[in-house]
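*Asks:* here's a sequence, model it:
(one chain, ligands or ions: 1)
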Amino acid sequence: MIDITKTEEWARLKALSADAPVMREAFATDPGRAARYAVEAAGLFLDFSKNRINDDILAGLLALARAAGLDRARARMFAGEKINETEGRAVLHVALRDFSDAPYLVDGENVAPAVAAERARIKAFSEKVHSGAWKGFSGAPLDTVVNIGIGGSDLGPCMAVDALRPYWIDGRRAYFVSNVDGQHLADTLSQIDPARTLFVVASKTFTTQETMTNAATARAWLLEKGARETDIARHFVALSTNRPAVEKFGVDPANMFVFWDWVGGRFSMWSAIGLSIALQVGYGNFEKMLRGAHAMDAHFRTAPIEANMPALLALVGVWNRNFLDIHTHAVLPYDQHLHRLPAYLQQAEMESNGKGRRMDGAPVSLQTGPVIFGEPGTNGQHAFYQLIHQGTDVISSDFIAPALSQTPLGDHHEKLLANFLAQPEALMRGRTQAEAREELKRQGLSEDEVERLAPHKIFPGDRPTNSILMEKLTPEALGALVALYEHKIFCQGVLWGINSFDQWGVELGKTLAAAILPEIAARGEAKPQARGHDASTNALINRINALRLAAKEE
Ligand code: G6Q
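*Replies:* So this is what the prediction gives:
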């Protein structure tokens, strides 16, 4: 495979980066820039003009995409080729949200009919729960869902359920338990009525320690609360690819919803993993979310790279990361219902592109995925934006907002939007020393005070942002937004020459935790001294065990 950093295209961009435009000047001299550096697709509008780019740089980035074979890679993904080479898997989450008759081939077999059949099962099951035909052990209908899953089997549905709050079915509640910290499950169980609760055990592998532990405890709790063994089938469903493990756990296979190995965990909320979404907002709205994602897929698949929203978002990200050396990227949704989107994208981006090896196993010779973090605006403004505006590290940001609120309340939304617009403007413009002085003078400060305070009031500006605007946060818009990021992540992985679809980096800690588990003293039992780890880990284990034993003696 080619080393992209050795190409002429890379060298050209390197040369251009030495003279990257200053945005304030670029906007002053080029009024057409906002219109040129914007794209619309699937109900979303992306303005990427507040980046340190110009026509030459954009042309250079498009040439880089060609050199990296982005067109071809995109076609290979949609064709079901095994582009997740280290796991030998196709990557076809796009098939989950296609309602046409288009075939999606995996190993020569069209998987579309199986996808449609599983969606029909999800629809039928959600409707049975909603109508009250599906009853719990006391004969009462189930109005509460507890989704037990972690990582890709938690973050997507949890984020989407919050995002679609205005679409919640009256009287229904969905909880999400992920952490193996028993407090998470205990806190949830303390709020719910066992007779009215459906546990949705979401695990692709059905072997994940956290999920299996939580599911077993929830099962025992239900039995303790009056259910019999024979009632478990009415209160537990499983979302998984591992039928034998589901059966072994005791879930009736009739209550298992399946997906496939070509659906990566962090790309799985469109599959059976989305059952909790359908249960909370209705299958119709779940389907609308899928259709919104498909609209973005159709755009991504067919639009030329120079007019392709995910590809352009990816390319400006590459520019910022590799040529302007920006290592942190903030996701800032100006919509309270998107408060879990930054957490969702932390996983989507960092687990996908936090890699140091190329697809062929060689070390990369460039910087890959940036650190992703974020909070909803305006909250973040009163917290960490200080560093984004005036810190010594330059951070790029995505600002996301709906033009219309789902729940208009006085002038709240106008105020929210004013902030959504003001922050990127401020980050782009900054404030010069002369402007800082002017402002202080206007406030009537003495010359001395003006001189003393002016340096603190300078904003360097020139800090890159993207603005993503939608009409309203509908299920369709949410689907399109998430698909936009999925494809952006894919494009960046192609440019960086890495496999965005594996996650070997999560393995080592799991292995070590399994080794340590038997060394943690069960409450009240003396344990031998921990050995065989580094001195720090040994000492921490011994200290924990001492604290646990002392607590028993009290
Ligand atoms: C996602 C990751 C990871 C995974 C969890 C849960 O891409 O693979 O976050 O989703 O580890 O795995 P299970 O669904 O198998 O329990």
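*Asks:* and the pLDDT at the residue of the stretch 301-450 of the chain found nearest the ligand?
*Replies:* Proximity to the ligand, evaluated over the stretch 301-450 of the chain using CB to the nearest ligand atom, is greatest for Glu351 at 5.7 Å. In short, each C-beta sits where N, CA and C put it, glycine included. pLDDT for Glu351: 98.
*Asks:* the stretch 1-150 of the chain: helices as residue ranges?
*Replies:* Ranges of helices in the stretch 1-150 of the chain, per DSSP state H, counting those that start in this stretch, are 8-17, 23-29, 33-36, 55-68, 70-78, 112-131.
*Asks:* please identify the most buried of these.
*Replies:* Ranked by mean neighbour count, these are led by helix 55-68 with a mean of 19 (mean count of other CB atoms under 10 Å).
*Asks:* neighbouring contacts of that helix?
*Replies:* For helix 55-68, the external contacting residues (CB atoms under 8 Å, 6 or more residues apart in numbering) are 2, 4, 7, 9-10, 12-13, 16, 20-21, 36-37, 53, 71, 305-306, 311, 315-316, 318-319, 491, 494-495, 497.
*Asks:* redo that, cut-off 6 Å
*Replies:* Helix 55-68 has contacts (CB atoms under 6 Å, 6 or more residues apart in numbering) with 4, 7, 9, 12-13, 16, 305-306, 315, 319, 494-495.
*Asks:* same question, stretch 407-416
*Replies:* Applying CB under 6 Å, 6+ apart, the external contacts of stretch 407-416 come out as 334, 405.
*Asks:* between the two ends of it, how far is it?
*Replies:* Chord length of stretch 407-416, first to last residue, is 13 Å (CA to CA, to the nearest Å).
*Asks:* what about it, distance to the chain center?
*Replies:* 27 Å (CA atoms, centre = their mean, to the nearest Å).
*Asks:* averaged pLDDT, it. What do you get?
*Replies:* pLDDT averaged over stretch 407-416 gives 97.
*Asks:* buried sites along that stretch?
*Replies:* Neighbour counts over stretch 407-416 (16 or more other CB atoms under 10 Å) mark 413, 416 as buried.
*Asks:* now render the helices of the stretch 1-150 of the chain as JSON lines, adding distance to the ligand.
*Replies:* Below are the helices of the stretch 1-150 of the chain laid out as JSON lines (distance: least, CB to the nearest ligand atom, whole Å):
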{"stretch": "helix 8-17", "distance to the ligand": "30"}
{"stretch": "helix 23-29", "distance to the ligand": "36"}
{"stretch": "helix 33-36", "distance to the ligand": "36"}
{"stretch": "helix 55-68", "distance to the ligand": "23"}
{"stretch": "helix 70-78", "distance to the ligand": "16"}
{"stretch": "helix 112-131", "distance to the ligand": "16"}
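*Asks:* need those in CSV with mean pLDDT and distance to Phe206, can you?
*Replies:* Output for these, formatted as CSV (pLDDT from 0 to 100; distance: least, CB to CB, whole Å):
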stretch, mean pLDDT, distance to Phe206
helix 8-17, 98, 44
helix 23-29, 98, 50
helix 33-36, 98, 50
helix 55-68, 98, 37
helix 70-78, 98, 27
helix 112-131, 98, 17
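*Asks:* JSON lines for those helices, including distance to Arg89?
*Replies:* JSON lines is the format used below for the helices of the stretch 1-150 of the chain (distance: least, CB to CB, whole Å):
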{"stretch": "helix 8-17", "distance to Arg89": "30"}
{"stretch": "helix 23-29", "distance to Arg89": "41"}
{"stretch": "helix 33-36", "distance to Arg89": "39"}
{"stretch": "helix 55-68", "distance to Arg89": "21"}
{"stretch": "helix 70-78", "distance to Arg89": "12"}
{"stretch": "helix 112-131", "distance to Arg89": "16"}
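*Asks:* does Arg52 really touch Ala20, like I thought?
*Replies:* Yes. At 4.3 Å, Arg52 and Ala20 qualify as touching, with contact defined as CB atoms under 6 Å.
*Asks:* looking at the two, which is more packed in?
*Replies:* Neighbours were counted for Arg52 and for Ala20 using other CB atoms under 10 Å; Arg52 has more, 23 against 19.
*Asks:* which residues touch the more buried one?
*Replies:* 20-21 are the contacts of Arg52 under CB under 6 Å, 6+ apart.
*Asks:* let me see the backbone angles for it.
*Replies:* Per-residue torsions, Arg52: phi -80, psi 60 (degrees, to the nearest 10).
*Asks:* please report how far it lies from the ligand.
*Replies:* Using CB to the nearest ligand atom, to the nearest Å, we find Arg52 at a distance of 32 Å from the ligand.
*Asks:* which bits of the stretch 101-250 of the chain sit near the ligand?
*Replies:* With CB under 6 Å from any ligand atom as the criterion, the stretch 101-250 of the chain meets the ligand at residues 150-153, 203-205, 208, 211.
*Asks:* contacts only, for Ala403.
*Replies:* Counting by CB under 6 Å, 6+ apart, Ala403 has contacts Glu471.
*Asks:* for Leu404, same thing?
*Replies:* 471-472.
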